[in-house]
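> have a look; sequence and predicted model below, questions after that.
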Amino acid sequence: LLSPDGAVAPTIFAEMSAAALRTGAINLGQGFPDEDGPAEVLEAAREAISHGMNQYPPGRGFADLLEAISEHQRRFYGLEVDPRTEVIVTAGATEALTATLLALIDSPDDEVVVFEPYYDSYAAAVALAGARLRTVPLRLPDFQPDLEVLAASVTDRTRIILVNDPHNPTGVVFSPDVKAEIIRLADRHDAVIVTDEVYEHLTFTAPHVPIATLPGAADRTLTISSGGKTFSATGWKIGWIHGPADLITAVLTVKQYLTYVNGSAFQPAIALGLRLPDSFFTDAAAALARKHEILAAGLRDAGFEVIAPQGGYFTVADASNLGGVDAAAFCRALPERAGVVAIPLDAFVSAERRGDYSGLVRFAACKRVDVLEEAARRLAAAQ
Ligand code: PMP
Ligand code: GLN
């Protein structure tokens with residue numbers, strides 16, 4: 001039943017969160033916040049339920065949310081998105097991604113180029129769509145890909161170049177050169193760029209630059225995001241995708257048979273969130289940056305070497321100095337040994353590259369400061 005390469009199998013998050021529950025360890029494995037998002041966003045969902053928004057919403061999503069997404073793209077990035085034809089609401093970024101692959105893949109010879117390590121649903125969705133995965137490794141010290149390797153990986157068989165920027169699990173923001181090369185290659189080989197920007201508001205070194213804003217990209221780019229990270233509501237699963245109307249229609253056609261529609265009462269709440277003042281978004285990024293610093297200081301005290309992220313929920317640290325050359329074994333033992341759960345970077349790679357990132361461990365920083373400090377104390381005490 002499951003794919004032979006193991007891409008479609010129980011997720012690492014289910015396994016690690018179960019370990020956290022079983023051992024009572026602090027869960028710095030799965031990336032979800034342990035504090036609620038803005039009170040007015042939560043209140044808007046409660047009000048929507050009270051006002052009877054409890055039945056199927058329209059297939060594309062409520063018009064007001066589509067309008068709010070369009071306004072958001074104009075306000076932050078100067079992008080013009082027609083709310084009637086160029087955007088749909090999805091069950092999180094996860095469904096947007098899977099529906100896109102199912103919609104655009106035509107033949108088993110179609111290839112999807114993905115940067116590796118990758119968020120685990122990417123390889124699974126490529127397998128479900130019946131396409132071939134072509135991976136381009138992200139390399140230390142900065143996790144940018146080699147442009148020649150990238151160029152060699154994109155061919156006329158490439159249907160999609162799948163990008164995640166800012167990137168989970170490495171925390172990298174792709175350089176302008178990398179983004180320009182992605183666009184050049186997509187144009188040359190007539191590929192679609194699918195870009196997952198769920199961490200768009202959580203960058204620390206520079207503002208986010210969506211690929212769709214760059215020259216030559218808009219006509220062949222589908223941009224995916226979600227309210228989960230921005231509003232600390234990962235369980236609500238309100239995502240969206242925008243891009244050229246014909247591609248959006250294809251994705252919507254598939255979405256009808258995956259979930260049909262989703263999250264009616266959460267849609268007005270996310271619409272309200274997207275219209276919050278700029279200060280909400282800058283404060284959220286600053287608060288997360290501070291958490292990363294606290295986590296990094298704790299990890300360094302415990303003997304890890306830390307690779308500072310440019311965006312997103314995660315900090316990557318090297319455990320090699322701590323006897324963690326095999327980070328998978330290190331992470332398996334960590335809940336019992338230190339009372340902390342973390343995920344080896346090798347959990348986010350394809351079978352043939354397993355071992356390439358050994359020593360590297362991903363820690364979620366999207367937790368309360370006291371939780372991060374306690375995790376750091378436990379890690380230091382266990383060395
Ligand atoms: N893409 C990336 C890179 C993610 O980190 C996540 C969150 N785990 C998702 C997609 C899924 O987002 P959602 O919860 O909106 O489906
Ligand atoms: N995005 C989160 C992570 O990478 C959680 C995803 C999930 O549980 N499926 O940890």
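Right, received. Where do you want to start? Ligands and ions are numbered 1, 2, ... in the order given.
> pull out the buried residues from stretch 178-194.
178-183, 185-186, 189, 191-194 (16 or more other CB atoms under 10 Å). Quick note: C-beta positions are derived from backbone N, CA and C, even for glycine.
> next, count neighbours for the residue of the chain found nearest ligand 1.
Of all residues in the chain, the one sitting closest to ligand 1 is Gly92 (2.4 Å; CB to the nearest ligand atom). Using other CB atoms under 10 Å, Gly92 is surrounded by 24 other residues.
> what residues are up against it?
226, 228, 237-239 (CB atoms under 8 Å, 6 or more residues apart in numbering).
> kindly recompute the last result at 6 Å.
Applying CB atoms under 6 Å, 6 or more residues apart in numbering, one finds that Gly92 lies in contact with 226, 237, 239.
> out of the residues you listed, which touch ligand 1?
Among the contacts of Gly92, proximity to ligand 1 is found for 226, 237, 239 (CB under 6 Å from any ligand atom).
> who does the first one bridge with?
Read it as Ser226. Gly239 (DSSP bridges).
> now it: how far from Ala329?
Using CB to CB, to the nearest Å, one obtains 33 Å as the distance from Ser226 to Ala329.
> so which of the buried residues of stretch 178-194 sit within helices?
Members of these lying in helices (criterion: DSSP state H): 178-183, 185-186, 189.
> a markdown table for the buried residues of stretch 178-194, including distance to Glu40?
Output for those, formatted as a markdown table (distance: CB to CB, whole Å):
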| residue | distance to Glu40 |
| --- | --- |
| Val178 | 37 |
| Lys179 | 34 |
| Ala180 | 39 |
| Glu181 | 41 |
| Ile182 | 37 |
| Ile183 | 38 |
| Leu185 | 43 |
| Ala186 | 39 |
| His189 | 46 |
| Ala191 | 41 |
| Val192 | 37 |
| Ile193 | 34 |
| Val194 | 32 |
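> skipping adjacent residues, who's closest to Leu379 in space?
Counting by CB to CB, 6 or more residues apart in numbering, Leu379 lies nearest to Ala302, which is 4.0 Å off, once chain neighbours are set aside.
> gap between the one you found and Ala327?
15 Å.
> so which of those two has more stuff around it?
Ala327 (26 against 21).
> ok, the residue of the stretch 151-300 of the chain found nearest ligand 2 - contacts?
Of all residues in the stretch 151-300 of the chain, the one sitting closest to ligand 2 is Asn168 (5.2 Å; CB to the nearest ligand atom). Counting by CB under 6 Å, 6+ apart, Asn168 makes contact with 119, 312.
> before we move on, what about Ala296?
So Ala296 contacts 306, 315 (CB under 6 Å, 6+ apart).
> how about it, phi and psi?
Phi and psi for Ala296, reported as degrees, to the nearest 10, are phi -60, psi -40.
> tabulate the buried residues of stretch 178-194 in CSV, adding columns for distance to ligand 2 and pLDDT.
Output for the buried residues of stretch 178-194, formatted as CSV (distance: CB to the nearest ligand atom, whole Å; pLDDT from 0 to 100):
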residue, distance to ligand 2, pLDDT
Val178, 22, 98
Lys179, 22, 98
Ala180, 27, 98
Glu181, 26, 98
Ile182, 22, 98
Ile183, 26, 98
Leu185, 27, 98
Ala186, 25, 98
His189, 30, 98
Ala191, 25, 98
Val192, 23, 98
Ile193, 21, 99
Val194, 17, 99
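> restrict those residues to those that also contact ligand 1, please.
Within those, nothing lies near ligand 1 by CB under 6 Å from any ligand atom.
> picking up where we left off before, just the contacts of Gly92 now: which is nearest Glu86?
Lowest distance from Glu86 to the contacts of Gly92 (CB to CB) belongs to Gly239, with 15.4 Å.
> do I have it right that that closest one meets Ser226?
Yes - applying CB atoms under 6 Å, one finds Gly239 in contact with Ser226, separated by 3.8 Å.
> how close does Ala63 sit to ligand 2?
To ligand 2, Ala63 is 29 Å away according to CB to the nearest ligand atom, to the nearest Å.
> burial count for that residue?
By the criterion of other CB under 10 Å, Ala63 has 13 neighbours.
> check the one 3 residues further on too.
Residue neighbour count, defined by other CB under 10 Å, stands at 25 for Leu66.
> what sits against it?
Contacts of Leu66 by CB under 6 Å, 6+ apart are 83, 87.
> try it again at 7 Å.
60, 83, 87 (CB atoms under 7 Å, 6 or more residues apart in numbering).
> quick check, the second one in contact with Glu71.
Read that as Pro83. No - in this structure, Pro83 is not within contact of Glu71 by CB atoms under 7 Å, at 8.6 Å.
> who has more neighbours, the two?
Between Pro83 and Glu71, counted using other CB under 10 Å, Pro83 has the larger neighbour count: 19 against 15.
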